[in-house]
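Participant: got a sequence here, can you model it:
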Amino acid sequence: MKKTMVLVTLLVALTTMGFECINDPIIVSIAMDPISRCYNINAGPDINYTGSATIDPSTLIDDSYEDKIVDARVYDITVQVTGAFTGSVTNGVVRINGTPLLTYSGTWADFSTPQSLLGTSPHVIPQAAGIAILINALKQKPLPLITLSSTGTLTGAGVPPVPSGLSVCASIYAQVDGNVKGE
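Facilitator: Below is the predicted model of the structure:
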């Protein structure tokens, strides 16, 4: 009897004292697949490379959450290379909608394993303006198309020519929050 009386008193207090715990938003983290693209580097005399792709971020989350997004964050960005090359990459830039997201440089071998912002790699440097553009894009309703691109220069003994079979891959790991109140 005593427990029931305390529970009833508590419920009456919650409903009559202006508390809005039931009306507050319910914010949950929503898994997002990586925003990732690889760019092939053309073999031949040109030591500069560039690649670009348009990405639809709405394809990277469950459709039922797209209109519920209220916030976003980037928790890592990586750069990795594929192919056999003994030289280096310099002046590397990953861009989001034309704005630098990060810069990268180092030996090709350095990038044979992903170089990560999270791992505090000395080979990748975040660019605040690009990260802000990315986060703002991921918070829009509906999610807009984004352009992810990478440019750089290859250097080393015997270059040019640039050997065949080389590529650079950039991956962005982000998370969005959604207000799922009312579901």
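Participant: now do the strands in this protein.
Facilitator: Taking DSSP state E as the test, the strands found in the chain are 27-30, 35-41, 48-55, 69-82, 88-96, 99-107, 115-116, 124-126, 146-155, 166-179.
Participant: buried stuff in the fifth one?
Facilitator: Within strand 88-96, the residues that qualify as buried by neighbour count (16 or more other Cβ atoms under 10 Å) are 88-89, 92-96. C-beta coordinates here come from the backbone N, C-alpha and C atoms, glycine included.
Participant: average pLDDT for that strand?
Facilitator: For strand 88-96, mean pLDDT is 97.
Participant: now do it: distance to the chain's middle.
Facilitator: Relative to its parent chain, strand 88-96 has a centroid offset of 16 Å by Cα atoms, centre = their mean, to the nearest Å.
Participant: partner strands of that strand and their direction?
Facilitator: Partner strands and pairing direction for strand 88-96 (DSSP bridges) are strand 99-107 (antiparallel), strand 146-155 (antiparallel).
Participant: how about the ones you listed, which one is nearest residue 65?
Facilitator: When the strands paired with strand 88-96 are compared by Cβ to Cβ, strand 146-155 sits nearest residue 65, at 17.7 Å.
Participant: list of residues touching that closest one?
Facilitator: Taking Cβ atoms under 8 Å, 6 or more residues apart in numbering as the criterion, the residues outside strand 146-155 that touch it are 35, 37, 39, 41, 47-55, 57, 79, 85, 87-98, 104-105, 108, 134, 137, 162, 166, 168, 170, 172.
Participant: please repeat the previous calculation with a cut-off of 7 Å.
Facilitator: Outside strand 146-155, the residues within contact range by Cβ atoms under 7 Å, 6 or more residues apart in numbering are 35, 37, 39, 47-55, 57, 87-97, 137, 162, 168, 170.
Participant: so where is this protein shaky, pLDDT-wise?
Facilitator: Flagging of the chain using pLDDT under 70 yields the residue ranges 1-23, 182-183.
Participant: from residue 54, how far out is residue 63?
Facilitator: According to Cβ to Cβ, to the nearest Å, residue 63 stands 19 Å off from residue 54.
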